[in-house]
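Colleague: The following block contains a protein sequence and its predicted model.
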Amino acid sequence: MNPCVRSLAVSAALVAASLLPAYAELDPVNLKKAIETSLASDYPKLDALYKELHAHPELAFQEVKTAARLAAEMRALGFDVTEKVGMTGLVAIYKNGDGPTIMVRTELDALPMEEKTGLDYASRDKTNWNGRDVFVAHSCGHDIHMASWVGTAKTLLGLKDQWRGTLMFIAQPAEEIVSGARAMLAHGLFTRFPKPDIALALHDGPFPHGTIFYRSGVGSSAADGLEITFHGRGGHGSAPHTTVDPVAIAARFIVDVQSVISREKDPTEFGVVTVGAIHGGTVGNIIPDSVQLSGTIRSFKPEVRAKMHAGIERTAKAAAAMSGAPEPDIKILAGTNPVINDPDVVTAVAGVLKAAFGDKFRVSPPGTASEDFSEFAGAGVPSMMFNIGVYDQERIDAARSGGAPIPSNHSPLFAPVPKPTIETGVTAMTLAVLGIFEQRARGK
């Protein structure tokens, strides 16, 4: 289609959408169609942005180029942009008359891992992380979120006759280490800028694109860090009786700590302890003086969280005592609380998205991963996060029939199908924001 003709068609669709009646009367299906028509023109730029971000990811609190790229996009749209909020975060504000302030969050950071998707835009970038060179990859889909975030901002401005209030689009650093939201709040996110009335976010996941999952109440798990150093007495591997072997102590703990989950925690309640890293020794014939473990602790409920913390500490001390070793150094590092989706926010969003997406908008159980989006609710902002799928339905069906497993987030093979995933992200988040504006306009 001739670009001028396409532009006129898109403008006409958005004008038509702006003439739709208030939410109490409008058909969200028609509004969804108008957004999709707008995206037909906008998508090539979003695709280019997505692939650029995917190919050049940055780790937590290193997202300088990523943040600058998003800041340029938002300024070009007419947002008032402030950079370096919470080190590398940014805040973009657009005022459109009197009304509520709605915050939409995306994340900026990637993961310290090698991508193995084979995509022609795959990341091959490396950086220094904790004193060593590592590959960097957007294997959690934050690049999808960023492209959807920019697309939502542009679409909402095209529909600004449909709403009144303030858009507060934030790009948050360091979600992967659950530190960025707290850093932005500490740097005055809700004092230097308007404190939002509502906060929204989305996250992608390994299910069919075009589908959206949501729930009211607990949406994700709490996460705490675990660091333990077991001390021993080093020596020759041929004479273990002259040593106190911290490798054996650590191994015993890794096995025994799972009894806290299986025998102390109520089996109907969620709780997981994962040891993801163990470091000790240099060669095979030397017993080292110490071994370090790192892991995570996840739960939904505070009482389960407290029971697990106590059980982990007791088990670590017991493992050392069984070998006559000194008490270990135990650090349980407070991470983040569960995401709690506010029932009133969910009601407003679900009414619009269910009408627009039909049976592709579905209730899901709580996710067992963790998210520092919860920090904004903790700061007093009613919030909601929902999930969008990334894979072709055929691939999902093949996996269910015994084919290759579907790579999940944080897999080196995680590879969303960009176009339908980003289109769903933009459409769903735009409708979610409009649904909130309408709810507030009606005084609910």
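Modeller: Here it is on my side, so go on.
Colleague: Report the next helix or strand after the top helix by length along the chain in sequence order.
Modeller: As far as residue count goes, and with DSSP state H defining each element, the longest helix of the chain is helix 28-55. Proceeding C-terminally, helix 28-55 gives way to helix 64-77 as the next helix or strand, assigned by DSSP states H and E.
Colleague: report the angle between the axes of the next helix or strand after that next one and helix 64-77?
Modeller: Taking DSSP H and E as the definition, the helix or strand that follows helix 64-77 towards the C-terminus is strand 80-85. When axes from the mean of the first three to the mean of the last three Cα atoms, to 10 degrees is applied, the directions of strand 80-85 and helix 64-77 differ by 170 degrees.
Colleague: per-residue confidence averaged over strand 80-85?
Modeller: In this model, strand 80-85 has a mean pLDDT of 98.
Colleague: So in that sheet, which strands flank the helix or strand just after it, and in what orientation?
Modeller: Past strand 80-85, heading to the C-terminal end, the next element that is a helix or strand (DSSP H and E) is strand 89-96. Strands that pair with strand 89-96, judged by DSSP bridges, come out as strand 80-85 (antiparallel), strand 165-172 (antiparallel).
Colleague: which residues are in contact with the first one?
Modeller: Right, strand 80-85. With Cβ atoms under 8 Å, 6 or more residues apart in numbering as the contact definition, strand 80-85 has outside contacts at 67-68, 71, 74-75, 90-94, 170, 184, 187-189, 192-193. C-betas here are computed from N, CA, C, even on glycine.
Colleague: Now restrict those to buried residues only.
Modeller: Buried residues within the contacts of strand 80-85, counting neighbours by 16 or more other Cβ atoms under 10 Å: A67, A71, M74, L90, V91, A92, I93, Y94, I170, M184, L189, F193.
Colleague: Closest one of those to K33?
Modeller: For the buried ones among the contacts of strand 80-85, the minimum distance to K33 (Cβ to Cβ) is 24.2 Å, reached by Y94.
Colleague: For the nearest residue to that closest one once chain neighbours are set aside, which residues are in contact?
Modeller: Closest residue in space to Y94, ignoring its immediate chain neighbours: L167 at 4.4 Å, by Cβ to Cβ, 6 or more residues apart in numbering. L167 makes contact with F79, A92, I93, Y94, N96, T101, I102, V104, A153, L156, V433 under the criterion Cβ under 8 Å, 6+ apart.
Colleague: Could you rerun that using 7 Å?
Modeller: Counting by Cβ atoms under 7 Å, 6 or more residues apart in numbering, L167 makes contact with Y94, I102, A153, L156.
Colleague: With I254 instead?
Modeller: Under the criterion of Cβ under 7 Å, 6+ apart, the contact partners of I254 comprise V275.
Colleague: 10 Å instead?
Modeller: If a contact means Cβ atoms under 10 Å, 6 or more residues apart in numbering, then I254 has I228, V273, V275, I278, L293, G295, T315, A319 as its contacts.
Colleague: right, and I261 touches V273 too?
Modeller: Yes - here I261 reaches V273: they are 6.2 Å apart, a contact under Cβ atoms under 10 Å.
Colleague: of these two, who's got more company?
Modeller: Comparing I261 with V273 by neighbour count (other Cβ atoms under 10 Å), the higher total belongs to V273, at 22 against 17.
Colleague: Surely that one touches V257?
Modeller: Yes - at 5.6 Å, V273 counts as touching V257 under the criterion of Cβ under 10 Å.
Colleague: what is in contact with these two at once?
Modeller: Shared contacts of V273 and V257, counting by Cβ under 10 Å, 6+ apart, come down to L226, G295, I297, M308, G311, I312, T315.
Colleague: Just the ones of the residues you listed in helices?
Modeller: Among the shared contacts of V273 and V257, the members falling in helices (DSSP H) are M308, G311, I312, T315.
Colleague: In contact with P407: list those residues for me.
Modeller: Residues in contact with P407 (Cβ under 10 Å, 6+ apart) are K116, T117, S139, P206, V390, Y391, A399, L413, F414, A415.
Colleague: on that earlier part again, let's see the ChimeraX selection covering just the buried ones among the ones in helices among the shared contacts of V273 and V257.
Modeller: Burial among those is assessed by 16+ other Cβ under 10 Å; the matching ChimeraX selection reads:
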select :308,311,312,315
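Colleague: Output the ones in helices among the shared contacts of V273 and V257 as a markdown table; include the columns pLDDT and distance to G210.
Modeller: Below are these laid out as a markdown table (pLDDT from 0 to 100; distance: Cβ to Cβ, whole Å):
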| residue | pLDDT | distance to G210 |
| --- | --- | --- |
| M308 | 97 | 37 |
| G311 | 97 | 42 |
| I312 | 97 | 41 |
| T315 | 98 | 45 |
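Colleague: Export the contacts of I254 to JSON lines and append columns for secondary structure and distance to A377.
Modeller: Shown next, in JSON lines, are those (DSSP: H, G, I helix; E, B strand; the rest coil; distance: Cβ to Cβ, whole Å):
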{"residue": "I228", "secondary structure": "strand", "distance to A377": "31"}
{"residue": "V273", "secondary structure": "strand", "distance to A377": "25"}
{"residue": "V275", "secondary structure": "strand", "distance to A377": "29"}
{"residue": "I278", "secondary structure": "strand", "distance to A377": "34"}
{"residue": "L293", "secondary structure": "strand", "distance to A377": "31"}
{"residue": "G295", "secondary structure": "strand", "distance to A377": "26"}
{"residue": "T315", "secondary structure": "helix", "distance to A377": "32"}
{"residue": "A319", "secondary structure": "helix", "distance to A377": "37"}
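Colleague: ok, back up a step: and the longest helix of the chain, how far out from the chain's middle?
Modeller: Going by Cα atoms, centre = their mean, to the nearest Å, the spacing between the C-alpha centre of helix 28-55 and its chain's C-alpha centre is 21 Å.
Colleague: Next, the angle from it to helix 64-77.
Modeller: Orientation of helix 28-55 against helix 64-77 (the same axes, to 10 degrees) gives an angle of 140 degrees.
Colleague: what helices or strands is helix 28-55 leaning on?
Modeller: helix 3-18, helix 64-77, helix 142-158, helix 343-357, helix 418-441 (3 or more Cβ pairs under 10 Å, 6 or more residues apart in numbering; DSSP states H and E).
Colleague: Do I have it right that L353 meets Y214?
Modeller: Yes - assessed by Cβ under 10 Å, L353 is found in contact with Y214 at 7.6 Å.
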